[in-house]
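Visitor: Provided below are the primary sequence and the corresponding predicted coordinates.
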Amino acid sequence: MLLKQSDKQDRRHTKNKLPVYRIFGFNLASDFPFATCLSERDGPADLTFTCTTEPPLKEQEQLTTLFASSMRDENGRSMFAIFRTKKYHLMHFNSIADFYIRPEAITCHMLDHSREYLVEIFLLGDVISVWMELQGIPVLHASAVSAGGNAAAFISYSGGGKSSITGTLVKAGNPLLTDDILPVQYSNGSFICHPGYPQIRLWPEEAQHILGYYKKFRHFQPDLTSISEW
């Protein structure tokens, strides 16, 4: 993957205060060093995200399986699963990380610290989508731009061209709303599309076609050859 040249964000926080970012229509507080360019805001947090080296909850809870991926590792274990307990939901990424999801907080327990870069990808993708759905906010697998005061969204499966179409429209002058995740809420007779963060992920050949270049972008995910952002 390719990523625009930018350093991870500083952990600008005091002992009692975490940086607060505006994303998908809510305020996220976290001291995680995001590589993604998130917009800092003042105000109280709707959700707090932290990482730990130990499981955050000591009590043993009975897990109810809600979903288990059909993709398996060499030992036959599901690569991804979602569980529910009486106190929280658990998203398990096999051998990489566990995400404990509660209404007020998401806590990541790292299982493989050599792959910490995946924490951000999982959080700002599948994990945050599940959290929003649990709060009653429908989330579409879509990319979107602002056009004429409205949102133009493109819904498709992974690799279906959402980001390419959106990138082409952004290049033509339409402001980006979001790439890949689109929360939608109904309010006062209208559907409100909440913006994500200013980033589009593209394969190198897509970036070359749309922008005419791609080599100035760095890898977003080190173990893949995709995707560039701007």
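Guide: Noted; the coordinates are in hand.

Visitor: so where's the protein shaky on pLDDT?
Guide: Applying pLDDT under 70 to the chain flags the ranges 1-16, 218-230.

Visitor: How about the contacts made by the residue sitting nearest the centre point of it?
Guide: Central residue of the chain (Cα atoms, centre = their mean): Leu124, 1.3 Å from the mean position. Residues near Leu124 by Cβ atoms under 8 Å, 6 or more residues apart in numbering: 23, 36, 181, 196-197. Where C-beta positions appear, they are placed from N, C-alpha and C, glycine not excepted.

Visitor: Look at it and give its secondary structure.
Guide: Under DSSP: H, G, I helix; E, B strand; the rest coil, Leu124 falls in the helix class.

Visitor: what residues does stretch 85-102 touch?
Guide: Counting by Cβ under 8 Å, 6+ apart, 55-57, 61-64, 66, 73, 77-84, 106-112, 115, 118-119, 122-123, 126-127, 130-131, 134 sit against stretch 85-102.

Visitor: Please spell out the PyMOL selection for the buried subset of these.
Guide: Burial among those is assessed by 16 or more other Cβ atoms under 10 Å; the matching PyMOL selection reads:
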select buried, resi 56+80+81+82+83+84+106+107+108+109+110+115+118+119+122+123+126+127+130+131
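
Visitor: remind me, longest helix of the protein?
Guide: helix 162-171 (DSSP state H).

Visitor: Can you work out which other helices and strands pack against that helix?
Guide: strand 142-147, strand 150-155, helix 204-211 (3 or more Cβ pairs under 8 Å, 6 or more residues apart in numbering; DSSP states H and E).

Visitor: Return the distance of the first one from the chain's centre.
Guide: This means strand 142-147. Strand 142-147 sits 17 Å away from the centroid of its parent chain (Cα atoms, centre = their mean, to the nearest Å).

Visitor: Ok, the longest one next?
Guide: The gap between the average C-alpha position of helix 204-211 and the chain average comes to 23 Å, counting by Cα atoms, centre = their mean.

Visitor: Send over that helix as PDB, restricted to the C-alpha atoms.
Guide: Presented in PDB, the C-alpha positions along helix 204-211 are these (Å, rounded to 0.1, in the frame of the first residue of the first chain):
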ATOM      1  CA  PRO A 204      -0.600   2.400  -7.900                       C
ATOM      2  CA  GLU A 205      -2.000   1.900 -11.400                       C
ATOM      3  CA  GLU A 206      -5.200   3.700 -10.300                       C
ATOM      4  CA  ALA A 207      -3.300   6.700  -8.900                       C
ATOM      5  CA  GLN A 208      -1.200   6.800 -12.000                       C
ATOM      6  CA  HIS A 209      -4.300   6.900 -14.200                       C
ATOM      7  CA  ILE A 210      -6.100   9.600 -12.100                       C
ATOM      8  CA  LEU A 211      -3.200  11.800 -10.900                       C
END
